[in-house]
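Visitor: the following block contains a protein sequence and its predicted model.
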Amino acid sequence: MSNEKKVRAYTNIALIKYWGKRNEELFLPMNSSLSLTLDSFYTETSVSFDSSVSEDIFYLNDTFQDTKATEKVSRFLDLFREEAGIKLPAIVKSTNFVPTAAGLASSASGMAALAGAANLASGLNLDKTTLSTYARRGSGSATRSIFGGFVEWQMGTNNADSCALKVDDASWDIGMVTVVVNDKQKAVSSRVGMKNTVATSPFYPSWLESTAVDLRNIKSAILKKDFEQVGEITESNGMKMHATMLGANPPLSYWEPDSVRAMQAVRDLRQSGIPCYFTMDAGPNVKVLCRLSDGQKIKDYLSNIFNPTQLIISGPGKDIEEITD
Ligand code: 2P0
């Protein structure tokens, strides 16, 4: 069996964050989350089940990957092989498309693209909602990258219903400016960081309560297209996640001096009348939610502090899609 079709998946940035699992094996989250899919960062992947190889082969950005990196892919493909009754090894080719020096290669787009390509190659033809439950088993945030626009990952009650749901296609002057503060690999992985936070932060129960309220409010703001409210909730929720991490033992912080500089610049921009709001994930980079039509103005202002190559404007990304060269 051979199938060289490629699938493209776009990355996403959470406005309401996922930070903790209630079931590690199934990647069931402690809370529902909500994100915006971005068009500037994506992964393209092909999978072919192939009798000419004796074990799974994985190329990332045209580079042959070692056993450790390939094992993660193999375990993930096993979910599809088991469901489809396929016994063959696979050849996997994956390319991350991120602007030069951005260093934002993301497990969200990576695992979503792999899920999409495995879905095609296996002939399972899962619908996108079901596919999101497979993507979830590769990386939690990948659940949301199956769809474009504003996407909720509903925490659900089990493996089948912890899935993505499109809330809105975000086709109303929405964008994000990413400030690449540092493109190096982070010292504490999300997986370890969230586990320690759940286990040790005394703020964790309040984080969960507060996030449930934020999620309800942001969905209603999105449906009303109330940009300012969407932004205020985004900024508040992101900071609450970081506050919860600071309460962990040992305390966890992903911030760098330039992260704080970027956040202050966003406050200054807001003061000057441009509505924009920041959020941060498990790293020092700052993402600025804005009107896409203000993206260039924001980039120009931030260029006083950062190198323009550190500033990337994105519009809303699409659902995963099949790519023909
Ligand atoms: C999110 N992050 O909602 C949150 C906010 C980072 C901070 O999802 O262990 O790579 O593979 O499920 O999805 C990053 O964690 O972690 C993440 P796993 P993942 O986007």
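Guide: Thanks, I have it. Residues are numbered from 1 along each chain as shown.

Visitor: hey, where'd the helices end up in the stretch 101-250 of the chain?
Guide: 107-122, 128-136, 190-200, 204-223, 227-246 (DSSP state H, counting those that start in this stretch).

Visitor: can you say which of the ones you listed is packed in most?
Guide: Between those, helix 107-122 has the highest mean count of neighbours, a mean of 28, where neighbours are mean count of other Cβ atoms under 10 Å. C-beta here means a position set from N, CA and C on the backbone, and glycine is covered the same way.

Visitor: on that earlier part again, do you know which of the helices of the stretch 101-250 of the chain lies nearest Met176?
Guide: helix 227-246 (10.1 Å; Cβ to Cβ).

Visitor: hang on, the earlier thing: in a markdown table: the helices of the stretch 101-250 of the chain, plus distance to the ligand.
Guide: What follows is those, written out as a markdown table (distance: least, Cβ to the nearest ligand atom, whole Å):
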| stretch | distance to the ligand |
| --- | --- |
| helix 107-122 | 4 |
| helix 128-136 | 8 |
| helix 190-200 | 3 |
| helix 204-223 | 10 |
| helix 227-246 | 6 |
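
Visitor: reformat those as TSV; add mean pLDDT and distance to Asn182.
Guide: Conversion of the helices of the stretch 101-250 of the chain to TSV gives the following (pLDDT from 0 to 100; distance: least, Cβ to Cβ, whole Å):
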stretch	mean pLDDT	distance to Asn182
helix 107-122	97	18
helix 128-136	98	27
helix 190-200	96	16
helix 204-223	98	25
helix 227-246	98	16
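
Visitor: let's have these in a markdown table, adding distance to Glu322.
Guide: Supplementary listing: these in a markdown table, determined by distance: least, Cβ to Cβ, whole Å:
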| stretch | distance to Glu322 |
| --- | --- |
| helix 107-122 | 7 |
| helix 128-136 | 12 |
| helix 190-200 | 29 |
| helix 204-223 | 28 |
| helix 227-246 | 31 |
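
Visitor: could you give the separation of the helix or strand containing Lys93 from the chain centroid?
Guide: Under the assignment given by DSSP states H and E, the secondary-structure element containing Lys93 is strand 90-97. When C-alpha coordinates are averaged (Cα atoms, centre = their mean, to the nearest Å), strand 90-97 and its chain have centres 18 Å apart.

Visitor: show the average pLDDT along it.
Guide: The average pLDDT for strand 90-97 rounds to 96.

Visitor: next one: Thr11 from the ligand, what distance?
Guide: 10 Å (Cβ to the nearest ligand atom, to the nearest Å).

Visitor: so which of the helices of the stretch 101-250 of the chain is nearest Val53?
Guide: If you check each of the helices of the stretch 101-250 of the chain against Val53 by Cβ to Cβ, helix 107-122 wins as the nearest, at 13.7 Å.

Visitor: dump the closest one to PDB, restricted to CA.
Guide: Taking C-alpha atoms only, helix 107-122 is exported to PDB below (Å, rounded to 0.1, in the frame of the first residue of the first chain):
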ATOM      1  CA  SER A 107       3.700  19.800  18.600                       C
ATOM      2  CA  ALA A 108       0.200  21.000  17.900                       C
ATOM      3  CA  SER A 109       0.500  21.300  14.200                       C
ATOM      4  CA  GLY A 110       3.000  18.400  14.100                       C
ATOM      5  CA  MET A 111       0.700  15.900  15.700                       C
ATOM      6  CA  ALA A 112      -2.400  17.200  14.000                       C
ATOM      7  CA  ALA A 113      -0.700  16.800  10.500                       C
ATOM      8  CA  LEU A 114       0.500  13.300  11.400                       C
ATOM      9  CA  ALA A 115      -3.000  12.400  12.500                       C
ATOM     10  CA  GLY A 116      -4.400  13.700   9.200                       C
ATOM     11  CA  ALA A 117      -1.800  11.900   7.100                       C
ATOM     12  CA  ALA A 118      -2.300   8.700   9.000                       C
ATOM     13  CA  ASN A 119      -6.100   9.000   8.500                       C
ATOM     14  CA  LEU A 120      -5.600   9.200   4.800                       C
ATOM     15  CA  ALA A 121      -3.000   6.500   4.500                       C
ATOM     16  CA  SER A 122      -4.900   4.000   6.600                       C
END
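
Visitor: and it, what does it pack onto?
Guide: Contact analysis of helix 107-122 by 3 or more Cβ pairs under 8 Å, 6 or more residues apart in numbering; DSSP states H and E lists strand 6-16, strand 33-49, helix 67-84, strand 90-97, helix 128-136 as its packing neighbours.
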